[in-house]
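Novice: give me a model of this one.
(one chain, ligands or ions: 1)
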Amino acid sequence: MEVVAMKKKDKESQPERETTEALLAEGRVFRPLPELVVDANLNPNDYEEAVQKARHDLEGFWEEAAEDLHWFKRWDKVLDRSEAPFFKWFVGGKTNIAYNALDRHITTHRKNKVAIIHEREDGSRERLTYYDLYREANRFANVLKSLGIQKGDRVAIYLPNIPEIAIVMLGCAKVGAIHSVVYAGFSAAALRERINHAEARLVVTVDGFQRNGKTIRLKEVVDEAMTACPSVETVIVIQRMGVEVDMSDGRYLWFHDLMKGEPASFETMAMDATDPLYILYTSGTTGKPKGVVHCHGGYGVGITRTLKWVFDIKETDIFWCAADPGWVTGHSYIVYGPLCAGTTTVMYEGHPLFPGPDRMWQIIEKYGINILYTAPTTIRMLMRFGSQHPKKYDLSTLRILGTVGEPINPEAWVWYYENIGNHNCPIMDTWWQTETGMFMVTPTPCNVLKPGSAFKPFPGVHVDVVDAHGEPVQAGKGGYVVVKEPWPAMLQGLYKDPEKYKEVYWSKIPGMYLAGDIATKDEDGYFRFQGRSDDVLNTAGHRIGTAEVESALVSHKYVAEAACIGVPDKVKGEVAKLFVTLKEGVEEDEATLVNELKAHVRKELGPIVVIREISFESKLPKTRSGKIMRRVLKARELGLSEGDLSTLDD
Ligand code: WTA
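Specialist: Model (predicted):
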């Protein structure tokens with residue numbers, strides 16, 4: 001393989017287009033910048049050593065990573081396999097992720113360091129130091145205690161990208177309550193379903209927030225959900241926009257009233273390493289979302305180690321993960337990971353295109369951001385507006401870039417590399433999932449990169465690509481993505497559904513965790529992820545179960561049957577195409593029906609479902625047992641033979 005050093009190119013002599021095409025045609029690879037490697041937390045020798053150490057002593061490797069964190073009591077056993085696939089890490093150990101994220105920094109030089117920089121859409125900003133955040137989280141922990149919330153109780157958090165979401169999450173962790181964050185773009189129906197499944201006693205929300213020049217009145221969505229949430233005793237409302245809200249229901253209380261009366265000190269509870277920290281619902285192959293459970297100990301170890309090595313976190317860094325805390329990316333790498341690593345994390349409340357397509361670049365210049373981690377969809381979207389926008393800003397503080405959530409096409413990779421990183425920043429394409437909790441397949445800044453590849457498994461992580469029998473596939477051949485050994489941030493199970501946990505992840509290829517993705521590995525062992533192998537589509541990095549869309553559709557009075565498939569989209573990766581058969585006697589014209597059904601899906605699931613097209617059919621292809629064959633629809637749609645789709649189908 002030919003290797004080129006990452007160097008500033010002479011833009012005049014090499015026009016952008018030509019460079020891009022040349023790179024793709026030649027299949028060049030990118031060697032790390034010497035100046036980056038010199039100071040890296042992990043140099044190429046360390047990397048090799050880590051890989052070897054992890055290969056020979058998996059437990060010892062992760063045990064060493066655990067030393068980075070505070071333990072009230074050290075573990076008795078690193079990994080307990082006795083109840084596999086319910087693997088338990090750091091058994092007997094006592095810790096608390098909030099203690100690691102906040103309390104332990106307060107006695108160090110980090111006490112007055114900025115923990116969170118928050119940028120509102122209107123450009124105003126707020127900064128919280130570690131000490132500020134610590135005191136606020138303590139106050140909120142005291143609020144929870146006053147409300148009688150105890151260890152193991154569930155708290156639903158329906159908040160956007162504002163500092164209070166971190167305060168509330170950390171406050172929950174401090175008292176040992178289990179939080180369930182519901183992304184603020186989800187509908188009332190989706191929120192209600194998640195609250196009820198978790199039997200949350202408390203909900204925390206906000207009057208409204210800024211998004212795309214508008215005020216989103218989030219509290220009103222909660223009102224709608226609350227009509228059928230019997231477990232909820234209290235709803236705490238944060239006052240942010242000052243919009244009028246109805247507080248007449250006796251369950252509603254103001255956040256600021258509650259916080260005012262509480263002391264800023266709190267004794268963070270010592271939790272078992274395996275005690276649950278949160279539930280995060282994600283889409284799978286059934287009509288109902290799955291409640292993925294993560295814990296305090298192994299999860300904290302996994303996300304802290306991966307963040308420090310992959311993004312090479314330095315004491316002076318400002319780290320921007322431009323995701324939303326409502327997804328796992330935000331849990332692990334906006335809130336818990338960066339704070340455990342003691343870095344400064346950036347939260348941006350608004351839309352990346354508001355008021356214009358230069359907003360992200362402007363934020364990077366404004367704060368001197370060093371590391372940017374975002375989704376390929378965002379890169380592709382901004383790429384379409386052209387490189388004149390990033391050129392207007394000083395992006396020279398950037399040292400490392402990252403992507404997550406979906407495959408990145410080499411063209412977008414190279415655009416990101418050239419125009420945002422200015423040929424000076426390696427791109428960390430991180431493959432992982434809600435279930436894995438932490439980066440699984442990812443480079444570090446000391447590895448040689450290939451555009452469009454997420455490199456290889458992180459040291460101590462055993463991801464592979466196998467056939468249906470669990471045998472490794474040859475280089476270049478597609479197969480199922482599996483994990484062959486436990487890893488510390490792995491899910492603890494599915495909330496209230498241990499059987500489903502076993503069935504979904506551990507039964508199809510015995511002894512291995514089945515991720516639900518398909519990928520290839522090349523002759524150098526580099527992974528290329530191709531998408532999901534199950535009935536989950538990935539729109540703009542968001543997971544949407546086709547069965548969830550279908551059950552939303554059939555709940556409409558006109559719909560008899562429905563099928564949903566993912567079709568490729570240049571910007572969003574994949575979007576939904578729907579096939580619908582109508583009940584007898586529906587007389588509305590097609591355009592009205594399309595609008596109504598789109599609105600209905602939006603109401604049931606929220607705006608994250610992007611529908612390209614709705615096609616009305618007289619009947620849908622089915623198996624003899626009556627199961628709708630989505631793969632046939634997909635084959636027709638993509639102009640493939642059914643055989644071509646065999647690996648796409650689970
Ligand atoms: C996809 C997001 C290709 C994949 C952290 C996975 C990716 C699903 C990548 C998980 C990547 C995530 N390259 N595909 N770098 N990262 N995916 O649970 O299909 O929201 O299974 O977690 O996103 O989505 P989730």
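
Novice: for the rest of this, base every contact and every neighbour count on C-alpha atoms.
Specialist: OK.

Novice: per-residue confidence for residue 216?
Specialist: What the model reports for residue 216 is a pLDDT of 95.

Novice: quick one: it and the ligand, what's the gap?
Specialist: 23 Å (C-alpha to the nearest ligand atom, to the nearest Å).

Novice: now that residue: phi and psi?
Specialist: In terms of degrees, to the nearest 10, the main-chain angles of residue 216 are phi -90, psi 120.

Novice: what stretches of this protein score poorly on pLDDT?
Specialist: 1-26, 641-650 (pLDDT under 70).

Novice: grab the most central residue of it for me.
Specialist: For the chain, the residue nearest the mean C-alpha position is residue 329 (2.8 Å; C-alpha atoms, centre = their mean).

Novice: excluding covalently adjacent residues, which one is nearest to that one?
Specialist: Nearest residue to residue 329 in three dimensions, chain neighbours excluded: residue 323, at 6.5 Å (C-alpha to C-alpha, 6 or more residues apart in numbering).

Novice: OK, contacts around that neighbour?
Specialist: Counting by C-alpha atoms under 8 Å, 6 or more residues apart in numbering, residue 323 touches 329, 330, 334, 374, 375.

Novice: just the ones of those residues in strands?
Specialist: Using DSSP state E, the members of these that fall within strands are residue 374.

Novice: check the contacts of residue 323 and tell me the two furthest apart.
Specialist: Maximum pairwise distance in the contacts of residue 323, criterion C-alpha to C-alpha, is 13.8 Å, between 334 and 375.

Novice: tell me how many other residues crowd whatever residue of the stretch 551-650 of the chain ends up closest to the ligand.
Specialist: Residue nearest to the ligand within the stretch 551-650 of the chain (C-alpha to the nearest ligand atom): residue 573, separated by 10.1 Å. By other C-alpha atoms under 10 Å, 22 other residues sit near residue 573.

Novice: hang on, isn't it packed against residue 538?
Specialist: Yes: counting by C-alpha atoms under 8 Å, residue 573 touches residue 538, with 7.0 Å between them.

Novice: what's the overlap in contacts for these two?
Specialist: Common contacts of residue 573 and residue 538 (C-alpha under 8 Å, 6+ apart): residue 406.

Novice: check which helix or strand covers the nearest residue to residue 102 once chain neighbours are set aside.
Specialist: Distances taken as C-alpha to C-alpha, 6+ apart place residue 134 nearest to residue 102, at 5.6 Å, with adjacent residues excluded. Using DSSP states H and E, residue 134 sits in helix 130-146.

Novice: got the contact list for residue 201?
Specialist: Taking C-alpha under 8 Å, 6+ apart, we find residue 201 in contact with 149, 153, 154, 155, 156, 231, 232, 233, 234.

Novice: then residue 516?
Specialist: In this structure, residue 516 makes contact with 480, 481, 532, 533, 534, judged by C-alpha under 8 Å, 6+ apart.

Novice: does the last one touch residue 514 like I think?
Specialist: No: contact criterion C-alpha under 8 Å: residue 534 and residue 514 do not qualify, at 10.5 Å.

Novice: compare these two (neighbour count), which wins?
Specialist: residue 514 (21 against 18).

Novice: confirm that that one sits in a helix.
Specialist: No: assessed with DSSP: H, G, I helix; E, B strand; the rest coil, residue 514 is strand; it does not lie in a helix.

Novice: contacting the ligand as well, which ones from the contacts of residue 323?
Specialist: With C-alpha under 6 Å from any ligand atom as the criterion, the contacts of residue 323 include residue 329 near the ligand.

Novice: returning to that earlier point: distance to residue 182 and secondary structure added to the contacts of residue 516, as TSV?
Specialist: Listed next are the contacts of residue 516 as TSV, based on distance: C-alpha to C-alpha, whole Å; DSSP: H, G, I helix; E, B strand; the rest coil:
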residue	distance to residue 182	secondary structure
480	29	strand
481	27	strand
532	23	strand
533	25	coil
534	23	coil
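
Novice: quick check, nearest of the residues you listed to the ligand?
Specialist: Nearest to the ligand among the contacts of residue 516, counting by C-alpha to the nearest ligand atom, is residue 532 at 5.0 Å.

Novice: I'd say the closest one and residue 517 touch.
Specialist: Yes: contact status for residue 532 versus residue 517: in contact at 4.1 Å, counting by C-alpha under 8 Å.

Novice: what residues are shared contacts of those two?
Specialist: Between them, residue 532 and residue 517 share no contacting residue, judged by C-alpha under 8 Å, 6+ apart.

Novice: show me which residues of the stretch 401-550 of the chain sit near the ligand.
Specialist: Residues of the stretch 401-550 of the chain lying close to the ligand by C-alpha under 6 Å from any ligand atom are 404-407, 429-434, 454, 517, 529, 531-532, 542-543.

Novice: just say helix, strand or coil for the residue in the stretch 101-250 of the chain that the ligand sits nearest to.
Specialist: The ligand sits closest to residue 183 of the stretch 101-250 of the chain, with a gap of 11.5 Å, by C-alpha to the nearest ligand atom. Under three-state DSSP, residue 183 falls in the coil class.

Novice: what sits against it?
Specialist: Applying C-alpha under 8 Å, 6+ apart, we find residue 183 in contact with 158, 159, 160, 324, 325, 326, 327.

Novice: and the contacts of residue 323, which are buried?
Specialist: Neighbour counting by 16 or more other C-alpha atoms under 10 Å classes 329, 330, 334, 374, 375 among the contacts of residue 323 as buried.

Novice: any idea how far the first one lies from residue 541?
Specialist: Same thing as residue 329. 10 Å (C-alpha to C-alpha, to the nearest Å).

Novice: thinking again about what came up before, please convert the contacts of residue 183 to CSV, extending it with secondary structure.
Specialist: Listed next are those as CSV, based on three-state DSSP:
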residue, secondary structure
158, coil
159, coil
160, coil
324, coil
325, coil
326, coil
327, coil
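
Novice: nearest to residue 486, of the residues you listed?
Specialist: residue 327 (22.5 Å).

Novice: ok, and the closest non-adjacent residue to that closest one?
Specialist: residue 183 (6.7 Å).

Novice: related to what we said a few turns ago, sort out which of the residues of the stretch 401-550 of the chain next to the ligand are in helices and list them.
Specialist: Among those, no member falls in helices (criterion: DSSP state H).

Novice: residues contacting residue 299?
Specialist: Residues in contact with residue 299, defined by C-alpha under 8 Å, 6+ apart, are 437, 438, 488, 489, 490.

Novice: would you confirm that the third one contacts residue 306?
Specialist: Think residue 488. No: between residue 488 and residue 306 there is no contact under C-alpha under 8 Å: 11.0 Å.

Novice: pull the number of nearby residues for residue 569.
Specialist: Around residue 569 there are 14 residues (other C-alpha under 10 Å).

Novice: dump the contacts of residue 183 to JSON lines, plus neighbour count and distance to residue 301.
Specialist: Formatted as JSON lines, the contacts of residue 183 follow (neighbours: other C-alpha atoms under 10 Å; distance: C-alpha to C-alpha, whole Å):
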{"residue": "158", "neighbour count": "24", "distance to residue 301": "26"}
{"residue": "159", "neighbour count": "30", "distance to residue 301": "26"}
{"residue": "160", "neighbour count": "27", "distance to residue 301": "26"}
{"residue": "324", "neighbour count": "21", "distance to residue 301": "22"}
{"residue": "325", "neighbour count": "25", "distance to residue 301": "19"}
{"residue": "326", "neighbour count": "23", "distance to residue 301": "21"}
{"residue": "327", "neighbour count": "18", "distance to residue 301": "19"}
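
Novice: ok, and which of those reach the ligand?
Specialist: Among those, proximity to the ligand is found for none (C-alpha under 6 Å from any ligand atom).

Novice: relative to residue 370, which of those is nearest.
Specialist: Nearest to residue 370 out of the contacts of residue 183 is residue 324 (C-alpha to C-alpha; 19.0 Å).

Novice: for that closest one, which non-adjacent residue is spatially closest?
Specialist: Spatially, and ignoring its direct neighbours in sequence, residue 324 is nearest to residue 330 (5.3 Å; C-alpha to C-alpha, 6+ apart).
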